[in-house]
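In: Take a look and give me a structure for this.
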Amino acid sequence: MDKPRFVASLPAMRFTLLLFPCLLFATFASAANPAPDAKGQEKPAAKVDLPDPVVTEAAVTIDGTKIPYKATTGKLLLKKEDGTPRASIFHVSYERSDVQDKTKRPVMFAFNGGPGSSAVWLHIGVLGPRIVKFPGNGTEPVRPPLLVQENPLSILDVCDLVFVDPVSTGYSRAEKDVKPSEFHGLDEDIESVGDFVRRWISEHDRWASPKFLLGESYGGIRVAGLSQHLQSRYGMSLNGVVLLSSLLDFATLLEIPGNDLSNIIFLPSFASVAHFHGKVSGDRDALVKQATDFAYGPYATALLKGSDLAAADLKSLATDLEKLTGISAATWEAHQLRISSTLFRAELLRAEGKVIGRFDARVAWESTNPAEQMPDYDPSYSLAYGTISTAMLDYLGRDLGYKECQPYEIITGKVHPWRWNANNAIVNVSNRLATAMRDNPHLKVHVMGGLTDLATPPEGVNYSLRHLPRATPGARDNFSLTMFEGGHMFYFNPPDLIKTRTDLLDFLKRATP
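Out: Residues are numbered from 1 along each chain as shown. I've put the predicted structure just below:
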């Protein structure tokens, strides 16, 4: 692996630093355009402790070719209209350094979800030039520490990458006298990261470049909203949006009394997970299709009947559900055909004393309390969190040369309570994506889903796209879908990591002039 070398830093007014041992660099910069006070006198410019970003140069070998690139690690300062600081957005950007004409060079902004997650998962899990590689098929415990390695499957050879941490995640923070809660909401988040995208594009002279957004999990909500916001607020037309393990409508996930849609959405994933663990047999893809057809047919009809469902029909359907999911008919019957994903995780391998993961149901570890009705932890989260955290902090400090005193918030609860701005309704951003596609008929949307994802089952976003409001007749031709073997972070599975690169390259080619 080529060791990066440090080069001159960029102008200090654009970025800030924050994090682990202590600040590496420090300088003071004034906010631009100070506003006059009530007497017409200019107010003193607000001073911000604004270190220079750290710029490194390195290379990565992709598809047999050595790709030189520039990595910029730092913060971009968002400002109010009067020029006073609002927030500093931490990001790491990678730009191929041997490109002569950037107008033909795509750039992709990548966001993870939460809300409350940094972009670390996409950054060193799949897309960046350095990633963490999990052993085996990505389901086994990792012996710490696991460090980053060169990523020959990055898409940096064909597309520049910008990994963005929203306010209060990673090293991004609200500035002095600004409440962090001002950024912790559906619309507030979209507005602030939209301002970041606009600024980054402007400061890097990339308005003429093909532009893409990729959002994982709640990041899909974010980029769907961004697609409309960037177009309507700044006139920024996008080439493509990627929804990776995402959702658009929370009704597809809410496992609450009275919302039978979630039961329909989860059933195909239950079948896929049961097949992986050997609880049902046959061809996996045929089984998933059978479960999907059953979910929208007899199962949906039965759920809609509620207590009017005849006892004989209840028993018959419970038997059918056992054949699809490996969960006993008696259990299905006892729960009136409604088994939550949480109960499914505890029940599927209960006889073996194991609990399966929420983010990746392929992960099955020993249960610490097999008698409990619900799972006592998520082994797929335990598998990933410590490994990713350690690797990211080591990579930031040793490879990218960036350190701070404050902790890097991999995933945080500090963004809560989150304002959903839904006016007593369930959040659904499908209409925003539809509006963006109406106003920009060339906008393409690609969906990537994991067959063993019990956090955001892929049928949820598929359902939303089939019910896209105000979509033009031709919009359906701009959708594409790829399924993967793994779970929420399916890229931890080596074959899926290979497939991810192939899939994204194909999408970029189709969406780029």
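In: In the stretch 51-200 of the chain, mark out all the strands, start to finish.
Out: In the stretch 51-200 of the chain, the strands defined using DSSP state E, counting those that start in this stretch lie at 54-62, 65-79, 85-96, 107-111, 130-131, 149-150, 160-164, 173-174.
In: So which of these is nearest residue 358?
Out: strand 107-111 (20.6 Å; Cβ to Cβ). Backbone N, C-alpha and C define where each C-beta goes, glycine included.
In: Give me the residues contacting the closest one.
Out: With Cβ atoms under 8 Å, 6 or more residues apart in numbering as the test, strand 107-111 has contacts from 119, 122-123, 127, 155, 159-164, 166, 193, 197, 200-201, 204, 206, 209-216, 219, 222-223, 242.
In: out of those residues, which are buried?
Out: Neighbour counting over those (16 or more other Cβ atoms under 10 Å) leaves 119, 122-123, 127, 155, 159-164, 166, 193, 197, 200-201, 204, 206, 209-216, 219, 222-223, 242 as the buried ones.
In: Report the buried residues of stretch 462-480.
Out: Quick answer for stretch 462-480 (16+ other Cβ under 10 Å): 462, 463, 464, 465, 468, 471, 475, 478, 479, 480.
In: So which residues make contact with it?
Out: 247-249, 252, 261, 265, 428, 430-431, 433-435, 437-438, 441-447, 449, 481, 507, 510.
In: Sitting in strands, which of the residues you listed do you find?
Out: Mapping those onto strands (DSSP state E) picks out 444, 445, 446, 447, 449, 481.
In: Tell me the bridge partners for the first one.
Out: Each beta-bridge partner of residue 444 is listed here, defined by DSSP bridges: residue 240.
In: Now do the same contact list for it.
Out: 239, 240, 241, 478, 479, 480, 507, 510, 511.
In: Could you do the last one as well?
Out: If you count contacts by Cβ under 8 Å, 6+ apart, residue 481 has them with 446, 447, 448, 449, 462.
In: if you set the cut-off to 10 Å instead, what comes out?
Out: 243, 445, 446, 447, 448, 449, 458, 461, 462, 465 (Cβ atoms under 10 Å, 6 or more residues apart in numbering).
In: Which of the residues you listed ranks first by neighbour count?
Out: residue 243 (30 neighbours; other Cβ atoms under 10 Å).
In: For the residue nearest the centre of the chain, which non-adjacent residue is closest in space?
Out: Centroid-nearest residue in the chain, with Cα atoms, centre = their mean: residue 216, separated by 1.8 Å. Leaving out its chain neighbours, the residue that sits closest to residue 216 by Cβ to Cβ, 6 or more residues apart in numbering is residue 244, at 4.5 Å.
In: Quick check: phi and psi at the one you found.
Out: For residue 244, the backbone dihedrals are phi -100, psi 120 (criterion: degrees, to the nearest 10).
In: what's across from it in the sheet?
Out: Going by DSSP bridges, residue 244 forms beta bridges with residue 216, residue 448.
In: pretty sure it contacts residue 214?
Out: Yes - taking contacts as Cβ atoms under 10 Å, residue 244 lies within contact range of residue 214: 6.2 Å.
In: What strand or helix carries residue 225?
Out: Element membership for residue 225, per DSSP states H and E: helix 218-234.
In: List the buried residues in that helix.
Out: 218-231.
In: Give me the angle between it and strand 444-450.
Out: 170 degrees (axes from the mean of the first three to the mean of the last three Cα atoms, to 10 degrees).
In: for helix 218-234, packing partners?
Out: strand 107-111, helix 186-203, strand 211-216, strand 240-244, helix 430-439, strand 444-450, helix 458-466 (3 or more Cβ pairs under 10 Å, 6 or more residues apart in numbering; DSSP states H and E).
In: returning to what we had before: what separation is there between the residue nearest to residue 216 and residue 163?
Out: Distance, residue 244 to residue 163, by Cβ to Cβ, to the nearest Å: 13 Å.
In: Quick check: neighbours shared by the two?
Out: Counting by Cβ under 10 Å, 6+ apart, the residues touching both residue 244 and residue 163 are 110, 111, 112, 121, 122, 127, 214.
In: For the residues you listed, could you give me a markdown table that also reports distance to residue 72 and pLDDT?
Out: A markdown table is the format used below for the shared contacts of residue 244 and residue 163 (distance: Cβ to Cβ, whole Å; pLDDT from 0 to 100):
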| residue | distance to residue 72 | pLDDT |
| --- | --- | --- |
| 110 | 15 | 98 |
| 111 | 18 | 98 |
| 112 | 19 | 97 |
| 121 | 20 | 97 |
| 122 | 17 | 98 |
| 127 | 16 | 98 |
| 214 | 19 | 98 |
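In: and which of these is nearest residue 399?
Out: residue 127 (15.9 Å).
In: roughly how far apart are that closest one and residue 154?
Out: 6 Å.
In: Equivalent analysis for residue 120, please.
Out: In terms of Cβ to Cβ, residue 120 sits 15 Å off from residue 154.
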